[in-house]
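**Q** Okay, predicted coordinates and the sequence, questions at the end:
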Amino acid sequence: MYELGVLGLKIPAKLMRMRGIGSEWCFSFNEGLKPLELLEYGFSPENTEIKFVLNPIFSKKLALVFNTNEVVGVFGKEYLVDNHARKMAIKRF
């Protein structure tokens, strides 16, 4: 489900900086498969704060009601530019 972009991960800021992940909202279409490496080795105390999130694009189709006002995937210009540069560098190798 992660690879299809249906499920995502919300990574704590500390873990995000430590592992070089660009956004706390991780889906396959913006961060690739790198965040899944965090779950590969089981759950350590730092990984227990990772949350699974549903891509909001599916909420209407599934008639879901959310109990939060937090917006998923608020990406600033700096993140978008850096993420594009990272993806272009990966494609060249």
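**A** Looks like it arrived, so ask away. Keep in mind the model is a prediction, meaning the values are calculated, not measured.
**Q** alpha carbons only for contacts and neighbour counts from here, please
**A** OK.
**Q** Which residues does the biggest helix by length in the chain contact?
**A** Secondary structure of the chain per DSSP state H: the longest helix is helix 77-92. Applying Cα atoms under 8 Å, 6 or more residues apart in numbering, the contact partners of helix 77-92 are G22, S23, N30, E31.
**Q** Let me have the residues you listed in TSV, extended by neighbour count, secondary structure and pLDDT.
**A** Below are the contacts of helix 77-92 laid out as TSV (neighbours: other Cα atoms under 10 Å; DSSP: H, G, I helix; E, B strand; the rest coil; pLDDT from 0 to 100):
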residue	neighbour count	secondary structure	pLDDT
G22	18	coil	83
S23	22	coil	83
N30	17	helix	82
E31	19	helix	83
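**Q** From those residues, pick the one nearest L64.
**A** Ranked by distance to L64 (Cα to Cα), the contacts of helix 77-92 are led by N30 at 23.3 Å.
**Q** Nearest spatial neighbour of that closest one, chain-adjacent residues omitted?
**A** N83 (7.5 Å; Cα to Cα, 6 or more residues apart in numbering).
**Q** Just name the shakiest helix or strand of this protein by mean pLDDT.
**A** helix 77-92 (a mean of 72; mean pLDDT, DSSP states H and E).
**Q** gap between that one and the chain center?
**A** Centroid displacement of helix 77-92 relative to its chain, using Cα atoms, centre = their mean, to the nearest Å, is 15 Å.
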